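Engineer: Got a predicted structure here, sequence first:
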Amino acid sequence: MFHYDAPAELLKDRIILVTGAGDGIGRAAAWHYARHGATVVLLGRTLEKLESLYDEIESAGLPQPAIVPMNLDTAVEHDYIELSNQLYDEFGHLDGVLHNAGILGMRTPIENYDPVTWEKVMRVNVHAPFLLTQALLPLLHKSSDASVIFTSSGVGRTGRAYWGAYAVSKFATEGMMQVLADELDNDPAIRINAINPGATRTQMRSYAYPAEPPETNPTPAEIMPLYLYLMGPDSKGVNGRSMDAQGQESA
Ligand SMILES: NC(=O)c1ccc[n+]([C@@H]2O[C@H](COP(=O)([O-])OP(=O)(O)OC[C@H]3O[C@@H](n4cnc5c(N)ncnc54)[C@H](OP(=O)(O)O)[C@@H]3O)[C@@H](O)[C@H]2O)c1
């Protein structure tokens, strides 16, 4: 596991948006960001899940979050611009974005892959983070220390049979991260990186490996050290890297 002991007030007064915040890794990240002082903007498609996390954060006495119900499969450019305007009116800037929401699609050979599912996976996993990033960059540029984290996967670094659109979308995610990081390399106030969570105990993992006992893999909470490190000021200057949440590196 990546080793990092996050100070209690690591993210104090920071405004951080998390996509797919209602479940799995995104839920754990939003909760940990809030616990370390951030005001979190919870974006997801299932309102009840977002509301349940909202209640948990509020009853723990943490900074009051915001909820953004949005389906990344159907949202269009205008929706992202509207969201950016709303966040500007409410907060004036943004200090971090965790692009975490993602879908698996089919586990099948490319020869048989359903083209409609292919497009959906590319829309949710690649096109939506592109549109969201583009709309939010003006707000991120208003922060003195902004961090954008994309979510990759092992199959986004080395292709593997039957992972289809999911693997291709994660290669694209790595590419988008690298291009953007290079474009912003001379700006010390913003960094762009990616995390490969590694096998983690979530619904997506059990869809991908139905026969695997869930306790084989760490929980989302256990992989949070890298999520905290890359979002907070201790990673200032780290740009364009794709890091493993379950790797052996230390901060
Ligand atoms: N778990 C692993 O082993 C693993 C390994 C490598 C990479 N990853 C990556 O880690 C990220 C999180 O995965 P996870 O395992 O936590 O998955 P998960 O448990 O399936 O959670 C995915 C989250 O994304 C949201 N989401 C899906 N489609 C959406 C859409 N169209 N609009 C808005 N939100 C949407 C889901 O919302 P609902 O709850 O409403 O469905 C859910 O909150 C993904 O990018 C995944 O590819 C995971």
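Structural biologist: All right, it came through fine. Being a predicted model, the structure only gives us computed values, none of them experimental.

Engineer: C-alpha only now, for contacts and for neighbours.
Structural biologist: Fine.

Engineer: What ranges does the protein have for its strands?
Structural biologist: 15-19, 39-44, 66-69, 96-98, 146-151, 190-196, 242-244 (DSSP state E).

Engineer: quick one, which of the ones you listed is nearest to the ligand?
Structural biologist: Within those, the stretch nearest the ligand is strand 39-44; the backing value is 4.2 Å (C-alpha to the nearest ligand atom).

Engineer: Listing partners with orientation, what would you give for that closest one?
Structural biologist: Strand pairing for strand 39-44, using DSSP bridges, gives strand 15-19 (parallel), strand 66-69 (parallel).

Engineer: hang on, the earlier thing: TSV for the strands of the chain, including mean neighbour count, distance to the ligand and mean pLDDT?
Structural biologist: Listed next are the strands of the chain as TSV, based on neighbours: other C-alpha atoms under 10 Å; distance: least, C-alpha to the nearest ligand atom, whole Å; pLDDT from 0 to 100:
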stretch	mean neighbour count	distance to the ligand	mean pLDDT
strand 15-19	26	6	99
strand 39-44	26	4	98
strand 66-69	18	8	98
strand 96-98	27	10	99
strand 146-151	24	5	99
strand 190-196	26	6	98
strand 242-244	19	10	98
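
Engineer: surely Pro233 meets Asp145?
Structural biologist: Yes. Taking contacts as C-alpha atoms under 8 Å, Pro233 lies within contact range of Asp145: 7.0 Å.

Engineer: for the longest helix seen in the chain, packing partners?
Structural biologist: Across the chain, the longest stretch assigned as helix under DSSP state H is helix 164-183. The contact analysis (3 or more C-alpha pairs under 8 Å, 6 or more residues apart in numbering; DSSP states H and E) places helix 164-183 against helix 115-122, strand 146-151, strand 190-196.

Engineer: between Pro233 and Asp145, who's got more neighbours?
Structural biologist: With neighbours defined as other C-alpha atoms under 10 Å, Pro233 and Asp145 compare such that Asp145 has more, 21 against 14.

Engineer: Quick check: the gap between that one and Tyr54.
Structural biologist: 25 Å (C-alpha to C-alpha, to the nearest Å).

Engineer: Flag every residue of this structure that's near the ligand.
Structural biologist: The chain comes close to the ligand at residues 20-26, 44-46, 70-73, 100-103, 124, 151-153, 196-205, as judged by C-alpha under 6 Å from any ligand atom.

Engineer: Which ones among the residues you listed map onto helices?
Structural biologist: Reading helices off those with DSSP H, I get Gly24, Ile25, Gly26, Gln203, Met204, Arg205.

Engineer: which among the residues you listed end up buried?
Structural biologist: Buried members of these, counted by 16 or more other C-alpha atoms under 10 Å: Gly24, Ile25, Gly26, Met204, Arg205.

Engineer: Going by distance to Glu212, which of the residues you listed wins?
Structural biologist: Closest approach between these and Glu212, by C-alpha to C-alpha: Arg205, at 8.9 Å.

Engineer: Apart from its neighbours in sequence, what residue is nearest that closest one?
Structural biologist: Ala199 (7.0 Å; C-alpha to C-alpha, 6 or more residues apart in numbering).

Engineer: can you pull the contacts of that neighbour?
Structural biologist: Neighbouring residues of Ala199 by C-alpha atoms under 8 Å, 6 or more residues apart in numbering: Arg205, Asn217, Pro218.
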